[in-house]
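>>> Give me coordinates for this.
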Amino acid sequence: MSGKLTESETTDLKEAFQLFDKDGDGRISIEEVKTVVSSLQQDIDEDQLQEMFNEVDTDGDGVISATELRSVMASLGESMTREEVEELIKDADIDGDNQVNYEEFVTMMSAKM
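A predicted model of the protein is given here:
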């Protein structure tokens, strides 16, 4: 899997970012993710969750690393500090391996649904 996003993928991610960044501060907190998912008032199906996960898991190894998250955010024109990215990963990382696997991603996304 290539580490580069297509123009269409970049556009989709920018739109998603704007949807999630409720306070417009250029950052997405875990609470903002939960708020958006809750406000959808619909279940996100397994295929949609897998697609969302795959967009961030750019190397296809089954986990989202801080490097991948930061790279995706940078490709969206949103810079995050290493500390901010690490905090997002930490909030979702159940097993403490400093990465977010698919199960942790699903747990995070469905926490407030």
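>>> only C-alpha atoms for contact and neighbour calcs from this point on.
OK.
>>> what residue is smack in the middle of this protein?
The residue lying closest to the centre of the chain (Cα atoms, centre = their mean) is Val56, at 6.2 Å.
>>> from what I can see it touches Ala66, true?
No - in this structure, Val56 is not within contact of Ala66 by Cα atoms under 8 Å, at 10.2 Å.
>>> The spatially closest residue to Val100 that is not a sequence neighbour: neighbouring residues, count only.
Distances taken as Cα to Cα, 6 or more residues apart in numbering put Ile64 closest to Val100, at 4.9 Å, once the chain neighbours are dropped. Residues lying near Ile64 (other Cα atoms under 10 Å) number 25.
>>> Can you tell me how far Ile64 is from Glu55?
Counting by Cα to Cα, to the nearest Å, the gap from Ile64 to Glu55 is 10 Å.
>>> now do Asp25
Counting by Cα to Cα, the gap from Asp25 to Glu55 is 22 Å.
>>> So for the two, which sits in the more crowded spot?
The neighbour count for Asp25 versus Glu55, taken as other Cα under 10 Å, is higher for Glu55 (19 against 7).
>>> Show me which residues of whichever strand or helix holds that one are buried.
Assigned by DSSP states H and E, Glu55 belongs to helix 46-56. Within helix 46-56, the residues that count as buried by 16 or more other Cα atoms under 10 Å are Phe53, Asn54, Glu55, Val56.
>>> can you list the weak-confidence ranges in the protein?
1-3, 34, 36-44, 111-113 (pLDDT under 70).
>>> which residue ranges form the helices in it?
7-20, 30-39, 46-56, 66-75, 82-92, 102-110 (DSSP state H).
>>> Convert the fifth one to PDB, retaining C-alpha atoms only.
In other words, helix 82-92. This file holds the C-alpha atoms of helix 82-92, laid out as PDB (Å, rounded to 0.1, in the frame of the first residue of the first chain):
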ATOM      1  CA  ARG A  82       4.200  15.200  18.500                       C
ATOM      2  CA  GLU A  83       2.700  15.500  22.000                       C
ATOM      3  CA  GLU A  84      -0.800  16.100  20.600                       C
ATOM      4  CA  VAL A  85      -0.600  13.100  18.400                       C
ATOM      5  CA  GLU A  86       0.800  11.000  21.200                       C
ATOM      6  CA  GLU A  87      -2.100  12.100  23.400                       C
ATOM      7  CA  LEU A  88      -4.600  11.100  20.800                       C
ATOM      8  CA  ILE A  89      -3.000   7.700  20.500                       C
ATOM      9  CA  LYS A  90      -2.700   7.300  24.300                       C
ATOM     10  CA  ASP A  91      -6.400   8.000  24.700                       C
ATOM     11  CA  ALA A  92      -7.400   5.200  22.300                       C
END
